[in-house]
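Student: coords please:
(4 chains)
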Protein chains: 2
Amino acid sequence: MARDGKPTRKLILEQSRALVLEHGYAGTSIDQILERTGITKGAFFYHFKSKSALALALIEEFIQEDKSHMHTALNDTESTDDPLESLLAFVAWHINAMQEMDELFPGCLYASYSYEPGSFNQEINDKVSESILKWRTTFDGLLDKVFEKYTTSIKVDRQSLSDLFLSISEGSYIISRTLKEKDATVNQLQHLNNYFKLLFVPKK
Amino acid sequence: MARDGKPTRKLILEQSRALVLEHGYAGTSIDQILERTGITKGAFFYHFKSKSALALALIEEFIQEDKSHMHTALNDTESTDDPLESLLAFVAWHINAMQEMDELFPGCLYASYSYEPGSFNQEINDKVSESILKWRTTFDGLLDKVFEKYTTSIKVDRQSLSDLFLSISEGSYIISRTLKEKDATVNQLQHLNNYFKLLFVPKK
DNA sequence: TTATTTATACAGACTAGATGGTATAAATAT
DNA sequence: ATATTTATACCATCTAGTCTGTATAAATAA
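Tutor: Numbers count the residues shown, from 1 in each chain, chains lettered A, B, ... in the order given. Predicted coordinates for the structure are as follows:
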């Protein structure tokens, strides 16, 4: 056959993601990508038929990784008896993952894309929405189990509780980026677990 | 004297902000701005000597508005005796402001700029950082007073507590934008106040 | 074995249009 | 009379995307 193109494709995706997170998608030119990767235009357009095809591949890869982490976290933290323990462990899993990173978190493509939706087609924007919703439904599942055995110490809005993890995560990424504070996300998510601990009390 | 240019400048800033929040800064061309405002290139470059001068003006105007809201909120909510009440009222002020909007919140320029820092010069990026820090120090002030009269029901990290408002706000904006759910921010911030209520207990 | 084919992977010049920005002269408003 | 705005032509550079050609390596056939 021919030489293996996978490393090249991987290199393009890696460097493109980094560039997009620093300049935005529209602010990232193909020439910049070529410079950063050391490949040529021919190679780039062999792997991606257009810039928007790259945008799609970037978000699809990011979504894959995101889902993968989510499932790993779910599997690693499902407790047999106590659903609150599972919930706290799930959040703690992500806290731990963040803590183990030795560099600043490079940023979330959902947020990046969401602040320039006009640069993308419907398909891409829909994928971002779906991914956000996936987080909501995942927490819905975890919280439903908690509410079977626990009640809340004060009255709260049940629905929006499912979005709090993503809210805090995304918000903390922005703080972390602008202030270049690596531990921002870890600290912020810890408060989410504090909230859960204070909020839920065993039924009866 | 001569005719007044202020309305034109205001129009440029208004429409540019909207465009930047939808396409990003790099994704917004001057031609797009001309089309949207109905003015000509001559008029644009009469008011802004370059595109980056517009970027600076946009963030400066946004920062002004942000500070103005912050001060109004502080003044409207300073309670004489109870610092916890002030804190809760300060958050509630923003919840209320969000609730009174009849359209979807168009987005935060801090977040927009922070996801394409490579498009801006140091001066602009520094202004964004400063603005984020301003929120931190503001909450530091409010929380310091709370900690004089209250203690926490569980052990928490005091420092990062000052960033939680901005974290939740920024994160909820992203959710609100992608899912086009107007009330996301209101609901998320309510959980912050819930947390504060549960966390703080009067000293002795 | 060796020559040839074939599919894949890449190189780099080239193009048409977009981009930010300039220049200029006339028109418009106060 | 002066600041503002229009209208339009223009420029250098950047942009995404195309094109033709070439290198690679495995499969095939002699």
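Student: tell me where the model's unsure across chain A.
Tutor: Low-confidence segments of chain A (pLDDT under 70): A:1-2.
Student: which bits of it sit near DNA strand D?
Tutor: Contact residues (C-beta under 7 Å from any atom of the strand) of chain A with DNA strand D: A:1-3, A:28-32, A:41-42, A:45, A:49-52. For the C-beta atoms, the positions are set from N, CA and C on the backbone; glycine is no exception.
Student: closest one to DNA strand C out of those residues, please.
Tutor: Lowest distance from DNA strand C to these (C-beta to the nearest atom of the strand) belongs to residue A:42, with 1.8 Å.
Student: measure the closest one to chain B for me?
Tutor: Noted for residue A:42: a distance of 26 Å to chain B, by C-beta to the nearest C-beta, to the nearest Å.
Student: and that residue, what element?
Tutor: According to DSSP states H and E, residue A:42 maps onto helix A:41-47.
Student: and that helix, does that touch DNA strand C?
Tutor: Yes - judged by C-beta under 7 Å from any atom of the strand, helix A:41-47 comes into contact with DNA strand C through A:41-43, A:45-47.
Student: just checking, what packs against that helix?
Tutor: Contacts defined by 3 or more C-beta pairs under 8 Å, 6 or more residues apart in numbering or on different chains; DSSP states H and E place helix A:41-47 against helix A:6-23, helix A:30-37.
Student: hey, what's the angle from the next helix or strand after that helix to helix A:30-37? Just curious.
Tutor: Per DSSP H and E, helix A:41-47 leads on to helix A:51-77 as the next helix or strand towards the C-terminus. Interaxial angle, helix A:51-77 versus helix A:30-37 (axes from the mean of the first three to the mean of the last three C-alpha atoms, to 10 degrees): 50 degrees.
Student: pull out the buried positions in the helix or strand following helix A:51-77.
Tutor: Under the assignment DSSP H and E, the closest C-terminal helix or strand after helix A:51-77 is helix A:83-100. Neighbour-count burial for helix A:83-100, counted by 16 or more other C-beta atoms under 10 Å in any protein chain shown, picks out A:83-84, A:86-95, A:98.
Student: adding distance to residue A:110, write those out as JSON lines.
Tutor: Formatted as JSON lines, those follow (distance: C-beta to C-beta, whole Å):
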{"residue": "A:83", "distance to residue A:110": "27"}
{"residue": "A:84", "distance to residue A:110": "28"}
{"residue": "A:86", "distance to residue A:110": "25"}
{"residue": "A:87", "distance to residue A:110": "22"}
{"residue": "A:88", "distance to residue A:110": "24"}
{"residue": "A:89", "distance to residue A:110": "24"}
{"residue": "A:90", "distance to residue A:110": "19"}
{"residue": "A:91", "distance to residue A:110": "18"}
{"residue": "A:92", "distance to residue A:110": "22"}
{"residue": "A:93", "distance to residue A:110": "19"}
{"residue": "A:94", "distance to residue A:110": "15"}
{"residue": "A:95", "distance to residue A:110": "19"}
{"residue": "A:98", "distance to residue A:110": "16"}
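Student: thinking again about what came up before, give me the buried subset of the residues of chain A next to DNA strand D.
Tutor: Among the residues of chain A next to DNA strand D, those buried by neighbour count (16+ other C-beta under 10 Å) are A:28, A:30, A:32, A:51.
Student: separation between the closest residue to the first one other than its chain neighbours and DNA strand D?
Tutor: Using C-beta to C-beta, 6 or more residues apart in numbering or on different chains and skipping the chain neighbours, the partner closest in space to residue A:28 is residue A:19 (4.5 Å). When C-beta to the nearest atom of the strand, to the nearest Å is applied, the distance between residue A:19 and DNA strand D equals 10 Å.
Student: over to residue A:161?
Tutor: Separation of residue A:161 from DNA strand D (C-beta to the nearest atom of the strand): 41 Å.
Student: cheers, nothing more for now.
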